[in-house]
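>>> Sequence and predicted structure, then a few things I'm wondering about:
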Amino acid sequence: MSRGRWRDMAAEELQQQYSPSRWARRLRGDAAVRAHIEAVTAGTQRARAGTRSSLHVPYGEADGERLDIYFPAEPSETFPAFVYIHGGYWQCLSKDASGFAAPPLVSRGVAVVAVGYDIAPKGHMDAMVLQVRRSLAFLAKQYSGIRGIYLCGHSAGAHLAAMVLCTDWTEFGVVPDIRGAVLVSGLYDLEPILHTYVNDALNMSWEVAQRNSPMLCITQAVPAAAACEVLVAVAQHDSPEFRRQSQEYSQALRSAGWSVSLLDLATVDHFDIIEKLSEDTYILIQVILNMIARG
Ligand SMILES: N[C@@H](CC(=O)c1ccccc1NC=O)C(=O)O
């Protein structure tokens, strides 16, 4: 699909392209979204039952500025941290459904952090981006045991994670040691979203969409960034627009000197591509553990 083709799409087609549930494999529409919420919620409950954790840790003043930490099974002084930012089109889900990846990771010595942020309509795009950036600065300042942060986000959460990658940390008083990023089925150009139902709750102006588009704020990779491995993952059954966004963003990052891989995962759709992080044998868990081992 050629660059910018979304501009030629009829309103209904654009709507369809940006409705992941209409492309899902097992169920379609609302049923697919409901099943996804149930899967990640149940997975998080299992993680909470079986893992040593600190829940609802405030990283700022606002109610929504809280995170959950799931600690490695074997206590150790230092450990890598996998920081997960949930999706839900910036208007659903929460950190309370975001701990499902903990079991296969804490058993291998990796801490898992589920970041909460104020979703729309309470949260605005600028504020959400600032909140997730602050959560990273908080972790870097408060947890001296963390040796390497591996950032992960799904869908809208991958967008927020990508915005973290282009942060100017000077105003945060700390530079988090982000050694890797796993961006799963994300959105990196917000402009097409402006023309869909997704913007009903977000109410973004064109300017807000521009300044919060990772595609438009790619920083030239300084040495620290070149050492940060970025994995852009997309599902075989993501829509063509979602697949185009991952393709173009990974290419643009690479051109700016970042170390990038694009992983096109067969058989999965927009939802089970991330749900399966609760499974030890899932290929993406293996890829993440390898990335951490190199880091
Ligand atoms: N209304 C959307 C819902 C959706 O996209 C979604 C739902 C739960 C978790 C992630 C999602 N996508 C991106 O953040 C859909 O049609 O699938």
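Everything's here; your move. Just so it is clear, the model here is predicted, and its values are computed rather than measured.
>>> Can you show me the helices along the stretch 1-150 of the chain?
Taking DSSP state H, counting those that start in this stretch to define them, one finds helices in the stretch 1-150 of the chain at 11-17, 30-50, 102-106, 125-142.
>>> So which other helices or strands are in contact with the longest one?
Taking 3 or more C-beta pairs under 8 Å, 6 or more residues apart in numbering; DSSP states H and E as the contact definition, the neighbouring helices and strands of helix 30-50 are helix 102-106, helix 272-275. C-betas here are computed from N, CA, C, even on glycine.
>>> starting at the chain centroid, how far to the shortest one?
When you say that, I think you mean helix 272-275. 12 Å (C-alpha atoms, centre = their mean, to the nearest Å).
>>> C-terminal to it, what's the next element?
Sequence-wise, the next helix or strand beyond helix 272-275 is helix 283-294, with elements assigned using DSSP states H and E.
>>> Give me the mean pLDDT for that following helix.
Per-residue confidence for helix 283-294 averages out to 97 on the pLDDT scale.
>>> Surely Leu231 is in a strand?
Yes. Under DSSP: H, G, I helix; E, B strand; the rest coil, Leu231 sits within a strand.
>>> Can you tell me the number of residues neighbouring it?
Residue crowding around Leu231 was assessed by other C-beta atoms under 10 Å; the count is 21.
>>> How about the one 10 residues further on?
Around Glu241 there are 20 other residues, counting by other C-beta under 10 Å.
>>> what does Ala137 give?
Ala137 is surrounded by 20 other residues when neighbours are defined as other C-beta under 10 Å.
>>> how close does it get to Val57?
Note on Ala137: its distance to Val57, by C-beta to C-beta, to the nearest Å, is 14 Å.
>>> Repeat that for Ile146.
13 Å.
>>> and what of Leu187?
28 Å.
>>> Who has more neighbours out of those two?
Neighbours around Leu187 and Val57, counted as other C-beta under 10 Å, are more numerous at Leu187. The numbers are 28 against 18.
>>> Please name the nearest non-neighbouring residue to the closest residue to the ligand within the stretch 151-295 of the chain.
Nearest to the ligand, among the residues of the stretch 151-295 of the chain, is Ser155, at 2.9 Å (C-beta to the nearest ligand atom). Nearest in space to Ser155, with sequence neighbours left out and distances taken as C-beta to C-beta, 6 or more residues apart in numbering, is Gly87 at 3.1 Å.
>>> of all the helices and strands packed on helix 30-50, which lies closest to Tyr70?
helix 102-106 (3.9 Å; C-beta to C-beta).
>>> Need phi/psi at Ser259.
Note on Ser259: backbone dihedrals following degrees, to the nearest 10 are phi -100, psi 100.
>>> check contacts around it.
For Ser259, the contacting residues are Ala221, Ala226, Ala227, Cys228, Glu229, Val230, taking C-beta atoms under 8 Å, 6 or more residues apart in numbering as the criterion.
>>> Lowest-confidence one in the residues you listed?
When these are compared on pLDDT, Ala226 comes out lowest, with 68.
>>> Can you get me a residue count around Thr196?
Burial measure for Thr196: 16 neighbouring residues, criterion other C-beta under 10 Å.
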